[in-house]
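> Sequence first, then the predicted structure:
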Amino acid sequence: MNMVPIYVALIKAGRRTIASVPEQDRAAVQAELDNQPQASTDDGE
């Protein structure tokens, strides 16, 4: 079972950290996070 999308969602929601991801999945999760567009904090001012 591919847990990477679940770990990515949990990290983005603040429920898990990359350090808490099992080592065998950590590189794939980090790569997926690196490919995600960053949330903009620009409020237009």
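Right, received. Where do you want to start?
> For the residue nearest in space to the middle of the chain, which non-adjacent residue is spatially closest?
By CA atoms, centre = their mean, the chain has its centre lying nearest to Val8, at 3.5 Å. Spatial nearest neighbour of Val8, chain neighbours left out: Glu32 (5.0 Å); criterion: CB to CB, 6 or more residues apart in numbering. For every residue, glycine as well, the C-beta is placed using N, CA and C.
> and the one you found, what helix or strand is that in?
Here Glu32, judged by DSSP states H and E, is contained in helix 23-35.
> Could you give me the buried positions within that helix?
Neighbour counts over helix 23-35 (16 or more other CB atoms under 10 Å) mark 28-30 as buried.
> for the residues you listed, which one is nearest Arg15?
Val29 (13.3 Å; CB to CB).
> and that closest one, what does it touch?
4, 7-8, 11, 18, 21 (CB atoms under 8 Å, 6 or more residues apart in numbering).
> low pLDDT regions in this protein?
For the chain, applying pLDDT under 70 flags the ranges 39-45.
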